[in-house]
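Student: task: produce atomic coordinates for the following.
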Amino acid sequence: MPQFTTLSYSLGVIASLLVLLMPIQPWIPVELSWIETLAAVSYAWSVWLLAQNKPIGWWIGLVGTALYGLVFYQAQLYAEVGLQGFYFITSVQAIYIWLRGGHNQTEKPIGHVSKQGLLITAVLAIAAVFALRSFLIAIRGAAPFWDALTTVMSLVAHLYLMGRYVESWYLWITVDVIYMPLYASRNLYLTSLLYGVFSFMAFRGLRNFQRLEPEQRLQATEAQALAQHYQTVWVPEYGHCYWEGRRYTPQADQWESYEFIHIAKGQAAWEADLALRANRLLVCGTDPLATHVWHRRYRGNYSPAVEQIADSRHYDLYLLTVPDFGFVQDGTREGEAIRWEMHQWFREVLTQKGKPYITVAGPPEVRMARAIAAIDPFLVFPPLADP
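Tutor: Residues are numbered from 1 along each chain as shown. Below is the predicted model:
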């Protein structure tokens, strides 16, 4: 996966440089402006990054939005000019929503628009298309119906994408296909070609969001899902709550050893308390041994004190989750770059200490099935011997 990502970005950089050189190439049969070229490259990178579920795409999109506002003004597509202004303002808002729109001001996860929301959107969008069409006819705009239709659809798609909704990509695919002949009719050939590329990116965005949405639910609630299946209790991450309490302090990314000792003890205390309410099985989202590994991540070495706490605990089975799905930021997670390294560290520690563990990988339903198959034998108790 990392190699594929590096190749994709490398090809993107090369393609961008080639596009930026197009206005000065004598063999190009149509005249291309520098503004349109810069706008196209900026927009392409913005859409590509957003399709990868990366918030930085909004920042880059601000540049493309400003440039395209000027391009569309020169082409007399006035509705598009207004739309670019709307995009610019709301893209700033989208940055905040993606990064702080989730629970407790964490990064907002991918979701779906409700059926009621889709119905309300459809009614308002149809009314808006005809109202905007009448206005564009009055000011003698080019292609008033198609301009109005694509403007309203783009507006709705943008609002949906601001909310990180899967449905946004269905709209973007449709509107990008309509945009291609519309822009070509106004001699915006590069932009027309660009929207052909956008339609492909939108399809990739749809696939990525469809894949990430169920996986991020599993990532966030895997232990909770197992507890629900077995009708028992589960123990959340004490360290997660501890981090939430200290995250806004100066130098919050700097950790001391005593904090890991506190987290390990706190996790153990939560386990002891909730075990009293367990229904034959206690599901733990983490344990002091994981805290032991995180000490290495932040302090560069292992802590004997944390290790002692971890060694005093007993667990019948560890489920080591393989990071073979897209990284989902919840506002507290380190990042995609270290996931495989941390996974290897966890595996090494479990192996060195002789802990019983299995790895779970693949789609959510496969992970759950493998976990359940491994846990069930622990819940089969032998019959009592005759007195």
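Student: tell me the secondary structure at the residue positioned nearest the centre of the chain.
Tutor: Closest to where the C-alpha atoms of the chain average out (CA atoms, centre = their mean) is Asn53, at 4.2 Å. Following DSSP: H, G, I helix; E, B strand; the rest coil, the label given to Asn53 is coil.
Student: okay but it is in contact with Lys108, surely?
Tutor: No: proximity of Asn53 to Lys108 does not meet the contact threshold set by CB atoms under 8 Å, at 10.9 Å. C-beta here means a position set from N, CA and C on the backbone, and glycine is covered the same way.
Student: need the residues touching each of those two.
Tutor: Arg164 (CB atoms under 8 Å, 6 or more residues apart in numbering).
Student: okay, helices next: where are they in this structure?
Tutor: In the chain, the helices defined using DSSP state H lie at 2-20, 34-51, 56-74, 78-100, 115-138, 144-162, 167-185, 189-230, 238-246, 257-275, 288-299, 304-311, 339-352, 364-375.
Student: nearest to Leu281 among the ones you listed would be which one?
Tutor: Evaluated over those, closeness to Leu281 peaks at helix 189-230, with 5.1 Å, by CB to CB.
Student: helices and strands around that closest one, which ones?
Tutor: When contacts are defined as 3 or more CB pairs under 8 Å, 6 or more residues apart in numbering; DSSP states H and E, helix 189-230 sits against helix 34-51, helix 167-185, strand 233-235, strand 282-284, strand 318-321, helix 364-375.
Student: which residues touch the residue nearest to Pro181 when sequence neighbours are not counted?
Tutor: Excluding the flanking residues, the one nearest Pro181 by CB to CB, 6 or more residues apart in numbering is Ser192, at 7.3 Å. Taking CB under 8 Å, 6+ apart, we find Ser192 in contact with 179-184.
Student: now Tyr302
Tutor: Tyr302 makes contacts with 292, 295-296, as judged by CB under 8 Å, 6+ apart.
Student: quick one, which of the contacts of Ser192 are buried?
Tutor: When the contacts of Ser192 are checked for burial by 16 or more other CB atoms under 10 Å, the buried set is 179-180, 182-183.
Student: which of these sits closest to Gly300?
Tutor: Tyr179 (52.1 Å).
Student: report how many residues lie close to Gln52.
Tutor: 18 (other CB atoms under 10 Å).
Student: no no, Arg277
Tutor: Residues near Arg277, counting by other CB under 10 Å: 9.
Student: give me the nearest residue to it, chain neighbours excluded.
Tutor: Distances taken as CB to CB, 6+ apart put Val233 closest to Arg277, at 5.1 Å, once the chain neighbours are dropped.
Student: so which of the helices of the chain gets nearest Tyr318?
Tutor: Across those, Tyr318 has its closest neighbour in helix 339-352 (5.9 Å, CB to CB).
Student: so what touches the closest one?
Tutor: Helix 339-352 has contacts (CB under 8 Å, 6+ apart) with 289-290, 292-293, 296-297, 318, 320, 322-323, 327, 334, 355, 357, 359.
Student: identify the residues contacting the residue nearest to Ile95 when sequence neighbours are not counted.
Tutor: Leaving aside its chain neighbours, Ile95 sits nearest to Trp58 (4.7 Å; criterion: CB to CB, 6+ apart). If you count contacts by CB under 8 Å, 6+ apart, Trp58 has them with 46, 50, 91-92, 94-95, 98.
Student: would you check which pair of these lies furthest apart?
Tutor: Using CB to CB, the pair of the contacts of Trp58 lying farthest apart is Leu50 and Val92, separated by 14.6 Å.
Student: neighbour count winner among the two?
Tutor: A direct count of neighbours by other CB under 10 Å for Leu50 and Val92 places Leu50 higher, at 27 against 12.
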